[in-house]
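A.B. asks: next come a sequence and a model predicted from it.
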Amino acid sequence: MPSNSTKILLLITLVSGMLVSVSSNSWFGAWMGLEINLMSFIPLMSNVKNMYNTEASLKYFIVQVLASATLLFMVVMKTLTEDLFSFDSNLYTPMIICSPLLLKSGAAPLHWWFPGVMEGLSWENCALLMTVQKAAPLMLMSYLIEMNTFTLSIIVMSTVVGGIGGLNQTSMRKILTYSSINHTGWMLIALTTSETLWLTYFMIYSALALTVVSTIKLSGVSFINQTMMTNKGTTLMKLMMFTSLLSLGGLPPFLGFLPKWIVIQTMITNNMIPLATIVVVTSLITLYYYLKIAYSSFLILNTEPKWNMMYHKNSSTSNLSAVVLSSISLMGMLACTLITNIN
């Protein structure tokens with residue numbers, strides 16, 4: 001929890017904006033909630049001491065304002081040209097309304113702003129951008145989204161871009177960004193089938209993303225090559241970080257495989273075998289670049305330079321929270337299986 005009272009207030013208004021947007025019974029109210037959410041997140045992002053934070057907040061502000069203005073314009077235009085209460089009269093209406101929401105959530109091919117913004121943020125803001133900021137646009141999309149050619153192309157592009165885009169990255173933030181784009185494709189599949197399934201996927205993904213961010217922040221790593229240079233004393237941190245990454249990638253023994261397993265079963269039940277094949281293959285690609293980080297640190301090389309004598313000090317609270325989150329990602333699937341069998 002941040003000690004600064006301004007940050008606490010901004011976090012409260014950020015969550016309040018998301019709740020207003022989700023619980024609103026009109027598109028204008030949903031738009032207002034998105035704007036409250038945006039205006040709370042911009043001050044959290046910007047930092048006068050860091051030029052990259054300021055640049056990232058400006059990029060994010062411009063993109064989100066573009067998406068918000070487009071959403072408001074589209075909603076007003078549709079209500080003026082069609083029925084005020086129903087959006088079912090036109091085939092293209094869901095596509096028109098969902099486009100700015102897809103831009104807000106960072107789904108491909110509208111993801112161009114996402115890696116650049118993530119690269120300039122602190123780890124806490126990265127976690128917010130990957131989890132909380134996606135909730136309201138995806139929930140609003142659930143009112144209109146259906147499996148058609150437009151949605152299918154967005155899902156395929158998101159999973160493919162999220163898989164291939166992270167292969168040549170060295171920054172941990174950008175790797176998490178492309179992983180998030182890949183997970184957005186999976187969440188859109190879950191949205192087209194069931195809101196409960198989407199909520200399950202989103203909650204587990206958010207928990208895993210928070211786990212990864214908390215462990216990476218503790219180890220003080222920003223790039224892949226730094227994972228080889230960490231102290232021998234931080235073996236537990238490294239173990240937690242890589243098991244959390246593999247869980248986020250969807251390796252079967254971990255919790256991250258559970259929502260993907262449910263989505264795959266749903267796709268097979270609905271005869272979407274080609275789509276299931278594409279998303280599983282792209283998910284394996286994301287798993288590959290997580291394994292690449294783990295192999296480079298654990299198996300191939302483990303060096304410690306002479307000048308790296310300072311042990312990375314952290315508060316015991318941060319250490320405890322990272323250990324608890326990591327144990328959930330490690331043992332969560334086992335716990336879920338036990339609960340299901342008991343019931």
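C.D. replies: Received it, and whenever you're ready, just let me know what you need. Residues are numbered from 1 along each chain as shown.

A.B. asks: next up, the contacts around the spatially most central residue of the chain.
C.D. replies: Nearest residue to the geometric centre of the chain (CA atoms, centre = their mean): Met130, 3.3 Å. The contact partners of Met130, by CB atoms under 8 Å, 6 or more residues apart in numbering, come to Met118, Leu176, Thr177, Ser180, Ala209, Val213. (C-beta placed from N, C-alpha, C; glycine too.)

A.B. asks: ok, now with 7 Å
C.D. replies: Leu176, Ser180, Ala209 (CB atoms under 7 Å, 6 or more residues apart in numbering).

A.B. asks: dihedrals phi and psi, Ser171?
C.D. replies: Torsion angles at Ser171 (phi, psi; degrees, to the nearest 10) stand at phi -80, psi 130.

A.B. asks: what pLDDT does the residue nearest to the centre of the chain get?
C.D. replies: Per-residue confidence (pLDDT) for Met130: 92.

A.B. asks: now the helix or strand hosting Leu258: how far from the chain's centre is it?
C.D. replies: Using DSSP states H and E, Leu258 maps to helix 257-269. How far helix 257-269 lies from its chain's middle: 19 Å, per CA atoms, centre = their mean, to the nearest Å.

A.B. asks: in that helix, what counts as buried?
C.D. replies: Phe257, Leu258, Pro259, Lys260, Ile262, Val263, Ile264, Thr266, Met267 (16 or more other CB atoms under 10 Å).

A.B. asks: so the last one sits right up against Ala276, yeah?
C.D. replies: Yes: judged on CB atoms under 7 Å, Met267 makes contact with Ala276 at a distance of 4.2 Å.

A.B. asks: so of the contacts of Met130, which ones are in helices?
C.D. replies: Judged by DSSP state H, these include Leu176, Ser180, Ala209 as members of helices.

A.B. asks: show me which of the residues you listed is closest to Ser283.
C.D. replies: Of all the ones in helices among the contacts of Met130, Ser180 has the smallest distance to Ser283: 13.1 Å, by CB to CB.

A.B. asks: and the pLDDT for that closest one?
C.D. replies: If you check Ser180, the pLDDT there is 93.

A.B. asks: which among the ones in helices among the contacts of Met130 count as buried?
C.D. replies: Using 16+ other CB under 10 Å, the buried ones in the ones in helices among the contacts of Met130 are Leu176, Ser180, Ala209.

A.B. asks: any idea which of these is the one closest to Leu10?
C.D. replies: Ala209 (20.2 Å).

A.B. asks: which residue packs closest to the closest one, ignoring adjacent ones?
C.D. replies: Counting by CB to CB, 6 or more residues apart in numbering, Ala209 lies nearest to Met130, which is 4.9 Å off, once chain neighbours are set aside.

A.B. asks: low pLDDT regions in this structure?
C.D. replies: For the chain, the stretches flagged by pLDDT under 70 are 1-3, 82-90, 228-235, 296-319, 321, 330, 333-343.

A.B. asks: mind listing the helices for it?
C.D. replies: With DSSP H as the criterion, the chain has helices at 5-23, 27-45, 51-81, 93-105, 114-119, 123-130, 132-141, 149-165, 172-193, 195-219, 235-249, 257-269, 273-295, 316-342.

A.B. asks: would you indicate which residues of the fifth one are buried?
C.D. replies: By neighbour count with 16+ other CB under 10 Å, helix 114-119 contains the buried residues Phe114, Pro115, Val117, Met118, Glu119.

A.B. asks: what sits against the first one?
C.D. replies: Yep, that's Phe114 we're talking about. Contacts of Phe114 (CB under 7 Å, 6+ apart): Gly106, Thr177, Ile181.

A.B. asks: now with 6 Å, please.
C.D. replies: Gly106, Thr177 (CB atoms under 6 Å, 6 or more residues apart in numbering).

A.B. asks: from Val279, how far off is it?
C.D. replies: Distance, Phe114 to Val279, using CB to CB, to the nearest Å: 19 Å.

A.B. asks: ok, the last one next?
C.D. replies: Using CB to CB, one obtains 26 Å as the distance from Glu119 to Val279.

A.B. asks: can you check Val48 too?
C.D. replies: Where Val279 is concerned, Val48 sits at a distance of 42 Å (CB to CB).

A.B. asks: the two - which one has more neighbours?
C.D. replies: Set Val48 next to Val279 and count neighbours by other CB atoms under 10 Å: Val279 wins out with 26 against 7.

A.B. asks: separation between the more buried one and Cys98?
C.D. replies: 19 Å.

A.B. asks: same question, Ala30
C.D. replies: Counting by CB to CB, the gap from Ala30 to Cys98 is 13 Å.

A.B. asks: cool, Lys78 as well?
C.D. replies: For Lys78, the distance to Cys98 - CB to CB - is 12 Å.

A.B. asks: ok, those two, which is more surrounded?
C.D. replies: Neighbour totals were compared for Lys78 and Cys98, and Cys98 leads with 25 against 19 (other CB under 10 Å).

A.B. asks: which residue is the nearest non-sequential neighbour of that one?
C.D. replies: Met141 (5.3 Å).

A.B. asks: sounds good, over and out.
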